[in-house]
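Asker: the sequence isn't on hand, but the structure is:
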């Protein structure tokens, strides 16, 4: 495609991307450097049906004046980024000096909200992404091998987890693992421990969410792999069969190299999706045991009665950076391949 | 001809039914929490909407939408049914209007005690009171010869006895869902211990002390007597537990008693369900509970005409003797003419015992939020009470700094 044609072809998408993705990210970035103005409070008398007390309120007149002068808030630089609820640089320094063993240090650091969330998010990515790729590939291979007559309904059944809304899917599982639900009650019987609860144990909650993640994301990998498998040329495979190659050898030496770019693509997308894990935490009411970076943003924006825009913006920016770091190896590799291909 | 007749009939009917309000224009849009008493209240105000537009959103997620929806200009809602805690963010952001003029003009039936005044200005009109108190199963306690508990220590002892008897595995329930609900339980218990959340005269946190530790230890004891899934249980979930007969002692909102004691569910359980005042804790004499009011506030960013229409409709309900007589079971109404019935025992006892109202401080929401997420690991046995409280203070401090309170 000539460059000019490409430019005009891409222009609408590009514009939309700048407008709906680029600008909001820039605005979020700017916001993350600002904190609220110092609150001007005053003592007033408050009366309600239970009596009167003298207590403080925000002085709205003064606040409005300050806000009009500086609508963005108080410039805070990287203040929000390094405070305890984010990177917590000072706390980490303190822990390093105060703790005696490395284990204790790690315990202290992982007790900080941002690192707690980061660890869950990374654990989720590390377990879900490869399993999704593997499971998706195995399902695609098996479905590709069976009779065409029953393939249609089977494919539909397989992509069902992806069609079901994440919240609904996780709620169904949530009810099943309830201590009185079908899975929860059976596990209690099996382990002979009436106090065992999948929802109250942190480890079990993590495992549940990870299994749910694999179940939910595999169909996506499957669909893409299945499509890619349709493009694998039959001649080399037939030749390999004549040469006596086993099924495993054929997959390893012919099929996989052929669909390799697609594997990279699926890995990229799943990594990105998994890093933003959010719905299952809400669906499983797992806020107590598992927090992800996306959940932190949500928490700052809606769970408090006071909205923390600066905190939410800082966490958003760090999530973007996190995704960029995670994707860097894959992207670098793709870029190199692209260059050699030319 | 027929058309005219219908119109005439409609007019006649209309004027006779809505004679007391006679609202001619404006649009009314209400945001409210979702429980039966509020539905009744809003329905009552709808009766006098006249020719004004009338819309209502009942949602248990009301806290999450209130500030953004009222910040818009014109705001999405003309009124917000708020409580002690949820009025604070609206005040902080200057999103609600003083009601003095409207009260003077249209608030004939509203009692003075219903007015929430801040700095001499009426900011809300309260219509019901609420608190969390004890519910117990009379049959279970009688069978085992247990007296109705008056303190949380007795609740623990009673629950242990019930568990030992083999009647129930998890005899106690309270809304311990991580987040807002759990923090609310901490607030109650901490106030019961006589704790103050902030160092006097400042926004500096003050929970990491002996009272805080005692509070956490009591919460932990109670959680061990609850269903192991307690960290995912909100008020609705424990209500279901109760109705399934799994629980004999429960701390729950007074406003839920209506649905708990209705005709749905096992009649034997309903019959044996009794209410009593909130418990005290740690030898204290004020109950480990907070008093709440629910009242209506009007959005600032809405036209005066809408505010007037909305006020008139809501004031109609907030002074409606018929409503409080018909729905006496649903809430402890603060409206004139309310005769407290057996279902109001919890709130009335709480007031008699000198329960404190939920602290209406600008920074309290941040403290509540920090409590909701930081004490979970203590309950799970993953960290000490002191560490959890230290975390609460640290989390609160950095949020309060960002928000400009410190």
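Answerer: Received, thanks. Every value quoted in this text rests on a predicted model; they were computed, and no experiment measured them.

Asker: from the stretch 51-200 of chain A, which residue is nearest to chain B?
Answerer: residue A:197 (3.4 Å; C-beta to the nearest C-beta). From N, CA and C alone the C-beta is placed, and that goes for glycine too.

Asker: need the phi and psi values for that residue.
Answerer: Per-residue torsions, residue A:197: phi -140, psi 130 (degrees, to the nearest 10).

Asker: next: residue A:57.
Answerer: When read as degrees, to the nearest 10, the backbone of residue A:57 gives phi -140, psi 160.

Asker: okay, and the beta partners of it?
Answerer: Applying DSSP bridges to residue A:57 gives these bridge partners: residue A:42.

Asker: ok, it - contacts?
Answerer: By C-beta atoms under 8 Å, 6 or more residues apart in numbering or on different chains, residue A:57 lies in contact with A:41, A:42, A:44, A:46, B:91, B:118, B:119, B:362.

Asker: which one among those gets closest to residue B:157?
Answerer: residue A:46 (38.6 Å; C-beta to C-beta).

Asker: what does the domain assignment say about the chain?
Answerer: Unless you meant another one, I'm taking chain A. A:3-75, A:112-341 (automatic domain parsing).

Asker: switch to chain B, that's the one I care about
Answerer: As recorded under automatic domain parsing, the domains making up chain B are B:20-127+B:292-339, B:132-288+B:350-402.

Asker: reformat those as a markdown table; add mean neighbour count, distance to chain A and mean pLDDT.
Answerer: A markdown table is the format used below for the domains of chain B (neighbours: other C-beta atoms under 10 Å in any protein chain shown; distance: least, C-beta to the nearest C-beta, whole Å; pLDDT from 0 to 100):
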| stretch | mean neighbour count | distance to chain A | mean pLDDT |
| --- | --- | --- | --- |
| domain B:20-127+B:292-339 | 20 | 4 | 91 |
| domain B:132-288+B:350-402 | 20 | 3 | 93 |
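
Asker: which one of these lies nearest to residue A:88?
Answerer: Judged by C-beta to C-beta, the one of these that comes nearest to residue A:88 is domain B:132-288+B:350-402, at 8.6 Å.

Asker: returning to what we had before: what's the closest of the domains of chain B to residue A:91?
Answerer: domain B:132-288+B:350-402 (7.6 Å).

Asker: show me where pLDDT drops low in the stretch 201-342 of chain A?
Answerer: Residues of the stretch 201-342 of chain A meeting the criterion pLDDT under 70: A:303-305, A:341-342.

Asker: for chain B, what are the nearby residues on it?
Answerer: By the rule C-beta under 8 Å from any C-beta of the partner chain, the part of the stretch 201-342 of chain A lying against chain B is A:201-202, A:284-289, A:291, A:299, A:302-308, A:310-311.

Asker: now a ChimeraX select for only the buried ones of those residues.
Answerer: Burial among these is assessed by 16 or more other C-beta atoms under 10 Å in any protein chain shown; the matching ChimeraX selection reads:
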select /A:202,284,285,286,287,288,289,291,299,302,303,304,305,306,307,308,310,311
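
Asker: hang on, the earlier thing: quick one: contacts for the residue of the stretch 51-200 of chain A closest to chain B?
Answerer: A:179, A:184, A:204, B:227, B:228, B:229.

Asker: would you format the domains of chain B as TSV with distance to residue A:156 included?
Answerer: Shown next, in TSV, are the domains of chain B (distance: least, C-beta to C-beta, whole Å):
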stretch	distance to residue A:156
domain B:20-127+B:292-339	34
domain B:132-288+B:350-402	33
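
Asker: residue A:320: which of the ones you listed is closest?
Answerer: With C-beta to C-beta, the closest approach to residue A:320 among the domains of chain B belongs to domain B:132-288+B:350-402: 19.9 Å.

Asker: circling back to that earlier point, just the ones in helices from the residues of the stretch 201-342 of chain A next to chain B, please.
Answerer: Among those, the members falling in helices (DSSP state H) are A:202, A:310, A:311.

Asker: tell me how far the second one lies from residue B:83.
Answerer: As for residue A:310, its distance to residue B:83 is 27 Å (criterion: C-beta to C-beta, to the nearest Å).

Asker: ok, now residue A:243?
Answerer: Using C-beta to C-beta, we find residue A:243 at a distance of 77 Å from residue B:83.

Asker: ok so residue A:193 is a helix residue?
Answerer: No. Read with DSSP: H, G, I helix; E, B strand; the rest coil, residue A:193 is coil and lies in no helix.

Asker: ok so, going back, which pLDDT does the model give the residue of the stretch 51-200 of chain A closest to chain B?
Answerer: Per-residue confidence (pLDDT) for residue A:197: 78.

Asker: isn't residue A:302 right next to residue B:62, touching?
Answerer: No. Contact between residue A:302 and residue B:62 fails when scored by C-beta atoms under 8 Å: they sit 11.3 Å apart.

Asker: contacts for stretch A:320-334, please.
Answerer: Outside stretch A:320-334, the residues that touch it by C-beta under 8 Å, 6+ apart are A:25, A:118, A:121, A:125, A:264, A:267, A:268, A:271, A:272, A:275, A:276, A:293.

Asker: please check those and keep the buried ones.
Answerer: Buried, going by 16+ other C-beta under 10 Å: A:118, A:121, A:125, A:267, A:268, A:271, A:275, A:276, A:293, out of these.

Asker: residue contacts, the second one?
Answerer: It stands for residue A:121. By C-beta under 8 Å, 6+ apart, the contact list for residue A:121 reads A:275, A:277, A:292, A:293, A:322.

Asker: what about residue B:336, which SS state?
Answerer: coil.
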